[in-house]
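>>> Need the 3D shape of this:
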Amino acid sequence: MHQRCSSASPASTCCRHGSSPGAVKFIERVATARAGAGQETFDRVAHLLTAARTEELDRLPVVDDAIGSTRLTWLGKGPTDASAKAVKAELAKLGYLRALEAHTLDLSALPAERRRSWPVSAGA
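Have a look, this model is predicted:
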């Protein structure tokens, strides 16, 4: 019986989760590793986080009435056509990121695996 289960169940399954104790332990270890990786990433870039930059990053998931969505969603949406309007929208994003001085961030302290999902590494 799994430690967390309160009732008797076959030794090969967890009564509450329907999974084996080994699978539950594996999931717990993955969660611990992810938390550790997140802390390590923070430790490596903490010196880049000025008060102003932190404040702006905190606003990324907040709806901005000027654009009708969050800045995070807005930045993640690519152009859907090749029009002057689409080019202007992409230039607005570039201007926003430049105002944040995103292009000056040296993220070389992060492992390549952490930067892989980002479209462009700063300073590259």
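>>> which secondary structure elements does the strand or helix carrying residue 92 contact?
Secondary structure from DSSP states H and E places residue 92 in helix 84-99. The contact analysis (3 or more C-beta pairs under 8 Å, 6 or more residues apart in numbering; DSSP states H and E) places helix 84-99 against helix 71-76. Heads up, the C-betas are built off the backbone N, CA and C, glycines and all.
>>> Against which helices or strands is the helix it packs on packed?
helix 84-99.
>>> Need the residues that contact the helix it packs on.
For helix 84-99, the surrounding residues in contact (C-beta atoms under 8 Å, 6 or more residues apart in numbering) are 71, 74-75, 79-80, 103.
>>> how about these, which pair is most distant?
By the measure C-beta to C-beta, 80 and 103 form the most distant pair in the contacts of helix 84-99, at 25.2 Å.
>>> Just want to know which of those two has more residues nearby.
Counted by other C-beta atoms under 10 Å, residue 80 and residue 103 do not tie: residue 103 has more neighbours, with 11 against 8.
>>> quick one, phi psi at the more buried one?
Residue 103 adopts backbone torsions of phi -70, psi -10, taken as degrees, to the nearest 10.
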